[in-house]
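> what would the 3D arrangement of this be:
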Amino acid sequence: MATLKLTKTSVEAIQPEAKDVYGWDTQLSRFGVRVTPSGSRIYLIQYRSKAIAGQPPKTRRITIGQHGNPWTVDQARAEARHLLAQVDLARDPFADREADRAARRATIDAAEQEAERLAARDRDNFKAVAERFIELRAKRNRSWAETERLLRHGPISEWGERHIADIRRADVADLIDGITKRSPAVARATFAAIRPLFSWCLERDLISTSPCEGFRAPPRPKSRERVLTDDEIRLAWHGSERLSGLFGPLVKLLILTGQRRAEVAGMTWSELDLSNRTWKLAGDRTKNGRAHEVDLSEQAMAVIGSIPKTGAFLFPARGEGAARGFSATKRQLNKRVREVGQAEVETEDLEAGDMPDAATWRLHDLRRTAATGMAALGFAPHVVERVLNHVSGSQGGLVGVYQRHEYRAERKAALVAWGNRIETIVTGQSPATDNVTQLDRHRA
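Alright, predicted model coming up:
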């Protein structure tokens, strides 16, 4: 340890040794330079702190900076004077620096904790958890797309950013009550979608109790009996021709085939055997998991023939997969039906009140209408149920287990007859081709 006037030359002249070497300035006491074994030259001050609250004074060292990077001797000496002036005023700049560092560390720790909390919240908010549930659990079932739709339109839109553990039974009640006002059937289906989601969360310790526990499921809604009249069928057909895109042909095939909305919307070209006029659905495409074959009438073939082949699906979505967004489509169809009805009122001098309102029926009612129409044409209930791939009623119980006859000829006759009936309703004339099946032998 040496004392010398610190200058650029004197500082750089100090030779490094095996241990740190200190040089103290003769111009400013308590100011010096430390030369490390590696040759680094670091300016610093050293002083004795004042005794505080019975604590003995302590020797303190405060580093100013490295020689030449960026500190010069004059700059380092000026900084030393500033720090030592505080010491002379009974302050302890070393303790002040430590306090500042502790405060910064506390601030950083708090910020990191808050960031971690927010990340955990985002990771386990309802939307994120529901997305994981759909991917890991719901997609094991054939009906996962419907589960996803119900979750997105109800719970996710309502609770999306809330932490999954913050959802309470009262929240479930408010959600289900709100949906019930619009549609009791959708409310029951939504509850059936969220209950397994919360059970799945329990399994993964994301929540301690399920908000669905002790909550009674909404009652099963009364079965709808809505069947379209001939006038409503005609207006629906002509109204569908005014829809944009491929939704018009989709509505027509719903009318002609009586199949489920999702099945028709998801129709692919590979499922069609146009030479044999059949549409074959694998079990994973049907609600009951049973493979199904639908005969295509002349009218259905004509509708399919009007659809351009642009991909795997007859009715592709704008993004990927099959068409969706049926609520908006039905609203547009209601509007187009009113336009057609108004045109008929004006051209045929009818009363406006005579035109039925399409808002009173749903797309699923087209399936019931087709079933009722085929029954009215004289086809037995078990044949109609086979057409719809519906196992209940006459095909339930032991009959459903042991009766495996497919009634292929009768089913084809029913769909051909129904297609002809639709053509008559829509055009007011019987089909030009003589393809009307004799029905007496198909009656029950």
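
> CA only for contacts and neighbour counts going forward, please
Fine.

> is residue 298 in contact with residue 421, as I believe?
No - in this structure residue 298 lies outside contact range of residue 421 using Cα atoms under 8 Å: 11.5 Å.

> quick one: the residue nearest the centre of the chain from residue 380, how far?
Taking Cα atoms, centre = their mean as the criterion, residue 152 is the residue nearest the geometric centre of the chain, at 5.3 Å. As defined by Cα to Cα, to the nearest Å, residue 152 lies at a distance of 41 Å from residue 380.

> one more: residue 31?
Residue 31 sits 109 Å away from residue 380, going by Cα to Cα.

> who's more crowded, those two?
In this view residue 31 and residue 380 are compared by other Cα atoms under 10 Å, and residue 31 has more residues nearby, 25 against 18.

> show me what contacts the more buried one?
When the contact criterion is Cα atoms under 8 Å, 6 or more residues apart in numbering, the partners of residue 31 are 24-25, 43-46, 77, 80.

> go again using 10 Å as the cut-off
Under the criterion of Cα atoms under 10 Å, 6 or more residues apart in numbering, the neighbours of residue 31 are 6, 23-25, 43-47, 61-62, 64, 76-77, 79-81, 84.

> could you do residue 258 as well?
Each residue near residue 258 by Cα under 10 Å, 6+ apart is listed here: 252, 264, 294, 364-371, 373-374, 384, 387-389, 415, 418.

> which ones among those residues are found in strands?
Among the contacts of residue 258, the members falling in strands are residue 294 (criterion: DSSP state E).

> are any of the contacts of residue 258 buried, and which?
Those of the contacts of residue 258 that meet the buried threshold are 252, 264, 294, 364-371, 373-374, 384, 387-389, 415, 418, by 16 or more other Cα atoms under 10 Å.

> would you mark the buried spots in the helix or strand containing residue 238?
Residue 238 belongs to helix 230-240 when assigned by DSSP states H and E. The neighbour-count check on helix 230-240 (16+ other Cα under 10 Å) flags 230, 232-240 as buried.

> check stretch 330-343 too.
Going by neighbour count (16+ other Cα under 10 Å), the buried part of stretch 330-343 is 330, 332-342.

> now residue 46: which helix or strand?
Using DSSP H and E, residue 46 sits within strand 41-48.

> avg pLDDT for that strand?
When pLDDT is averaged along strand 41-48, the result is 94.

> stretch 293-311 too?
For stretch 293-311, mean pLDDT is 95.

> for it, buried residues please.
Residues of stretch 293-311 classed as buried: 293-300, 303-304 (neighbour count, 16+ other Cα under 10 Å).

> same thing with stretch 82-98?
For stretch 82-98, the neighbour count (16+ other Cα under 10 Å) marks 83-84, 87, 92-94 as buried.

> among those, give me the pair with the biggest separation.
Farthest pair in those (Cα to Cα) is 84 and 94. Separation: 10.6 Å.
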